[in-house]
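Asker: pasted the sequence and its predicted model underneath.
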Amino acid sequence: MTMIRFNPFRELDSWFNAYNRSLANQGKENPLSADWKPSVDIVESDKSFLIKAELAGVPKDDIQVQIDKNILTISGERKSEITDEKHHRVETFYGSFSRSFSLPENVSEESIKAESKDGILYLTLPKHEPKEKLKKIEIH
């Protein structure tokens, strides 16, 4: 027999989370949608940076990756799957998302590669040697 520990605050916590979501979504068309930020991991190796963004349920056609003025932005939308059926719990965020990151000077913007696999977006940002910005001026 398995013993389950009683937690009287579990349902209360769930109710508060739903309440906070509803406050965040006041005035929006779908009360169950919200702006959300997917989780992101950034890993650095000797040759590149790897950005992994959790985008489960977002088709790759609904994801945009752009670079503007040395800022990498991942954006898109997870469309709601809510139907007219009775839902007992909805914890998945739906709606638009956007994450932006400043790129280091040693990233080769022209060589960035993107792949979407199993609900994860993989961005590989190869490194290059930064151009020398310090120019020594000879005094005559």
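Answerer: Nice, thanks for sending it over. Numbering: from 1, shown residues only.
Asker: could you use CA atoms for every contact and neighbour count after this?
Answerer: Will do.
Asker: for S111, what are its contacts?
Answerer: The contact partners of S111, by Cα atoms under 8 Å, 6 or more residues apart in numbering, come to 125-126.
Asker: that one and E105: what is the separation?
Answerer: Distance, S111 to E105, by Cα to Cα, to the nearest Å: 14 Å.
Asker: one more: G57?
Answerer: 33 Å.
Asker: looking at the two, which one has more neighbours?
Answerer: Ranked by neighbour count (other Cα atoms under 10 Å), G57 and E105 place G57 first, with 16 against 13.
Asker: does F49 sit in a helix or strand, and which one?
Answerer: strand 48-54 (DSSP states H and E).
Asker: any idea which residue sits dead centre in this structure?
Answerer: Nearest to the geometric centre of the chain sits P38, at 3.0 Å (Cα atoms, centre = their mean).
Asker: now it, nearest residue through space, not along the chain?
Answerer: Spatially, and ignoring its direct neighbours in sequence, P38 is nearest to E54 (5.6 Å; Cα to Cα, 6 or more residues apart in numbering).
Asker: identify the residues contacting the helix or strand where Y122 lies?
Answerer: When secondary structure is defined by DSSP H and E, Y122 falls within strand 120-126. Strand 120-126 has contacts (Cα under 8 Å, 6+ apart) with 47-56, 107-109, 111-116.
Asker: please repeat the previous calculation with a cut-off of 10 Å.
Answerer: With contact meaning Cα atoms under 10 Å, 6 or more residues apart in numbering, strand 120-126 is reached by 39-58, 60, 63, 65, 74, 103, 106-116.
Asker: which among those residues end up buried?
Answerer: Buried members of the contacts of strand 120-126, scored by 16 or more other Cα atoms under 10 Å, are 48-55, 57-58, 63, 74, 103, 107-109, 116.
Asker: following the least confident helix or strand in the chain by mean pLDDT, which helix or strand comes up?
Answerer: Every helix and strand of the chain was ranked by mean pLDDT, DSSP states H and E. The lowest is helix 10-24, at a mean of 65. Beyond helix 10-24 in the direction of the C-terminus, DSSP H and E gives the next helix or strand as strand 40-44.
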